[in-house]
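# For reference, the sequence and a predicted model appear below.
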Amino acid sequence: MTPAPTSTDPVTDAPSTQAAETGTPQPGPLETEALEHIRALIRIDSVNTGDAATIGDGETRAALYVKKHLDEVGYETVLVEPRPGRASVIARLPGSDPDAGALVAHAHLDVVPVAAEDWTHPPFGAEIHDGLLYGRGAVDMKDFAGMLLAIARAFRRDGVVPRRDLIFAFFADEEAGGVWGARWIVQNRPEVFAGATEALSEVGGFSLPLPGDRRAYLVATAEKGVTVATLTARGSAAHGSRPTSDNAVVRLAQAVAAVGVHRFPAVRTATLERFLEVYGQASGEPLDTDDLSRLGFAASVIDAGTRNTASPTVLAAGGKINVIPAAASATLDVRVLPGQAEAVRAQLADVVGDDIEVVWARDIPATESPVDAPLLKVLQDAVTAEDAGGTVVPYLLPASTDNKHLARLGIRGYGFVPLRVPADFDVFGQFHAADECVPVDALYFGTRVTARILRDA
């Protein structure tokens with residue numbers, strides 16, 4: 001009988017046995033500890049409603065949990081709590097190359113609200129069923145927080161000296177824009193990121209199927225900008241029994257409908273060009289923006305990263321049934337590609353027409369990091385060590401992460417939480433969903449890959 005294959009533990013370099021039947025590495029102490037921390041963090045209800053009146057102390061309790069376990073192995077931790085209950089914690093591990101820029105590895109400790117009645121497993125129970133870990137934060141993103149905590153502790157215990165300084169950061173308030181988390185720290189305590197040049201966090205790293213039982217692992221090298229457009233239609237106020245030709249509600253509805261069906265043109269950003277090139281080569285068939293259907297459940301996310309988008313989300317008009325209001329408004333969530341801030345304003349004005357007033361607010365610029373940075377080779381090498389056929393593919397995230405705040409300090413952000421999942425498992429679909437879950441084996445995989453990345457980056 002052929003002996004069971006072995007792999008090398010990324011922290012200790014000691015062999016770890018694999019299951020003879022599947023070739024899947026069995027969890028060692030590092031992976032086991034990571035799972036313990038992930039489950040413990042999920043069990044801390046750190047829901048962020050975005051409303052100070054309804055937010056408890058869960059983020060601080062989660063931060064104190066992290067701080068306790070970092071202090072335990074000798075880290076000097078910085079706990080930042082700009083408002084009661086809104087704590088973050090940061091720690092640094094010195095590297096061997098003082099000239100290399102520090103790498104920030106960060107996760108957020110808050111989670112979005114839950115409707116418990118929609119769950120079949122307790123949202124804060126961290127229960128495991130049929131190989132899946134269930135709970136709010138299982139992928140967004142207490143999984144990575146637990147991985148980072150376990151790796152930080154193992155590096156310290158085992159005397160691992162990475163090439164670069166590692167800054168481990170666990171932030172509050174990401175789900176409400178980072179106002180009391182990463183954004184506040186960047187504005188008020190930037191010294192904790194001294195010397196940092198790159199950052200690693202969400203959203204990416206999970207696998208998508210390729211032909212021949214191979215996988216692509218997405219890395220977010222760019223993020224869309226976020227801005228808000230308010231459309232206002234004005235007309236004559238009148239009694240509801242006498243319809244008017246300039247009814248503001250009707251004119252607003254027409255403008256909103258026009259936005260809803262409009263498809264902005266595709267823009268070939270550097271990230272999109274690299275995605276099409278690398279994914280096309282890996283799949284053995286050219287890929288173009290005109291047909292992304294073979295990407296399966298990832299197609300909508302990739303497509304959203306190819307063009308500017310505007311989604312009507314809030315409508316306001318009138319207050320009494322028998323009164324035609326003089327004004328009606330709609331708020332749009334507008335996501336903007338790198339370099340497209342002015343273009344999207346002109347394009348939206350054309351869509352809604354000259355008689356609709358457009359006011360812009362909350363402009364958070366897009367970010368775009370180099371798609372050929374040495375860090376991407378480190379990611380690829382770490383994936384290859386665990387999945388020989390895996391290919392790391394850059395893509396543009398159509399949403400936002402705390403990397404945007406770090407970018408204000410000149411820190412280039414990348415989204416990569418490595419998870420090897422079954423071909424039909426939609427990680428994107430788990431974000432903010434009921435019964436949020438992740439395969440336990442994927443967490444073990446992610447812990448090993450992330451440890452390699454942080455050690456070698």
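Sure thing, it's come through.
# contacts and neighbour counts: CA atoms only from here.
Noted.
# Now do the helices for this protein: every range, in order, please.
Taking DSSP state H, the helices of the chain run over residues 29-42, 58-71, 142-158, 182-188, 248-261, 270-283, 299-304, 341-352, 374-386, 403-407, 440-456.
# between these, which gets nearest to residue 206?
Among these, helix 440-456 comes nearest to residue 206, with 8.8 Å by Cα to Cα.
# Tell me how far residue 298 lies from residue 382.
As judged by Cα to Cα, to the nearest Å, residue 298 and residue 382 stand 23 Å apart.
# the more surrounded of the two?
A side-by-side neighbour count of residue 298 and residue 382, using other Cα atoms under 10 Å, places residue 382 first with 25 against 16.
# Residue 446 is in contact with the more buried one, correct?
No - with contact defined as Cα atoms under 8 Å, residue 382 and residue 446 do not form a contacting pair (10.1 Å).
# From residue 250, how far off is residue 312?
Distance from residue 312 to residue 250, by Cα to Cα: 15 Å.
# next one: residue 29
Distance of residue 29 to residue 250, computed by Cα to Cα: 63 Å.
# Also residue 323?
Applying Cα to Cα, the value for residue 323 to residue 250 is 14 Å.
# Show me the shaky parts of the protein.
Residues of the chain meeting the criterion pLDDT under 70: 1-25.
# now what about stretch 418-428, what contacts it?
Contact partners of stretch 418-428, identified using Cα atoms under 8 Å, 6 or more residues apart in numbering, comprise 139, 204-209, 217, 297-298, 438-439, 441-443, 445-447, 449-450.
# Then stretch 265-275?
Under Cα under 8 Å, 6+ apart, the answer for stretch 265-275 is 221-222, 289, 305-308, 338, 368, 371, 393-396.
# What is the end-to-end distance of that stretch?
The first residue of stretch 265-275 is 18 Å away from its last residue (Cα to Cα).
# which of the residues in stretch 232-249 are buried?
For stretch 232-249, the neighbour count (16 or more other Cα atoms under 10 Å) marks 232, 233, 234, 235, 237, 247, 248, 249 as buried.
# thinking again about what came up before, looking at residue 312 and residue 250, which is more packed in?
Between residue 312 and residue 250, counted using other Cα under 10 Å, the more crowded position is residue 312 (18 against 15).
# my read: the more buried one touches residue 331, true?
Yes - using Cα under 8 Å, residue 312 is in contact with residue 331, at 5.9 Å.
# hang on, the earlier thing: residue 128: which of the helices of the chain is closest?
So among the helices of the chain, helix 440-456 is nearest, using Cα to Cα, at 8.1 Å.
# for that closest one, packing partners?
Judged by 3 or more Cα pairs under 8 Å, 6 or more residues apart in numbering; DSSP states H and E, the packing partners of helix 440-456 are helix 29-42, helix 142-158, helix 374-386.
# can I get the ones you listed in TSV with distance to residue 120?
Below are those laid out as TSV (distance: least, Cα to Cα, whole Å):
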stretch	distance to residue 120
helix 29-42	16
helix 142-158	20
helix 374-386	33
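# Can you pull the domain assignment for the chain?
6-220+367-456, 223-364 (automatic domain parsing).
# Would you mark the buried spots in stretch 290-303?
Here stretch 290-303 shows 295, 297, 298, 301, 302, 303 as buried, counting by 16+ other Cα under 10 Å.
# what's the span of that stretch from first residue to last?
Span of stretch 290-303 from end to end, Cα to Cα: 9 Å.
# residues near the closest residue to residue 77 other than its chain neighbours, how many?
Leaving aside its sequence neighbours, residue 77 sits nearest to residue 91 (Cα to Cα, 6 or more residues apart in numbering; 4.7 Å). Close neighbours of residue 91, defined as other Cα under 10 Å, add up to 21.
# For residue 91, give me its contacts.
Counting by Cα under 8 Å, 6+ apart, residue 91 touches 70, 75, 76, 77, 78, 167, 168, 169.
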